[in-house]
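Asker: Test case, fold it:
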Amino acid sequence: MIKDIVVTLIKKYNTNCPFTIARELGIIILYEHLDDIMGYFSQNFKIKFIHLNQDLNENELWFTCAHELGHAIMHPNINTPFLKRNTLFSIDKFERQANTFAVELRLTDKLLQKYPEYSLYNLAEKIGIPRKLADLKTFNRSLK
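Answerer: Numbers count the residues shown, from 1 in each chain. Sure, this is the predicted structure:
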């Protein structure tokens, strides 16, 4: 389960910061001018890279880095740009998984417990998670 992967990473590295986790995992983060692309993950000769659009705001950078970190961890050998261009294979599953990873990393159960006065959607919006992606959050049974 994606949430289990995220919880394990947060415990291991004592942070939910995707930039720190990426650094600890040896993933190189590059800031580039990418026009309308927010970011992407690539791997060359077993070296992993997260490419981020340098024109994004802080919340967009955080979420995009977390999303691409999800690809780096869960889909390191899948070249989604290639699949998009050259096959009929649907990449929706991989994108949904990477979005779920990013939501779980940013919108932790601990954060929800810290701010009980906020609804899931209000808190998600406040910390830069697109409202439509907040539904990807899975809840720990102890919070219900």
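
Asker: and Asn16, what does it touch?
Answerer: Contact criterion C-beta atoms under 8 Å, 6 or more residues apart in numbering gives 6, 10, 105-106, 108 as the residues in contact with Asn16. C-beta here means a position set from N, CA and C on the backbone, and glycine is covered the same way.

Asker: got the phi/psi numbers for it?
Answerer: Dihedral pair for Asn16: phi -110, psi 10, per degrees, to the nearest 10.

Asker: Distance-wise, check it relative to Phe45.
Answerer: Using C-beta to C-beta, to the nearest Å, one obtains 29 Å as the distance from Asn16 to Phe45.

Asker: and Ser31, how many neighbours?
Answerer: In this structure residue 31 is Tyr, not Ser. Neighbour count of Tyr31, defined by other C-beta atoms under 10 Å: 14.

Asker: Assumed it was part of a helix.
Answerer: No: according to DSSP: H, G, I helix; E, B strand; the rest coil, the state of Tyr31 is strand, so it is not within a helix.

Asker: Quick check: pLDDT value at it.
Answerer: pLDDT, Tyr31: 97.

Asker: which stretches of this protein form strands?
Answerer: In the chain, the strands defined using DSSP state E lie at 28-32, 39-44, 47-53.

Asker: Need those strands in JSON lines (columns: distance to Leu112).
Answerer: Output for the strands of the chain, formatted as JSON lines (distance: least, C-beta to C-beta, whole Å):
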{"stretch": "strand 28-32", "distance to Leu112": "27"}
{"stretch": "strand 39-44", "distance to Leu112": "26"}
{"stretch": "strand 47-53", "distance to Leu112": "26"}
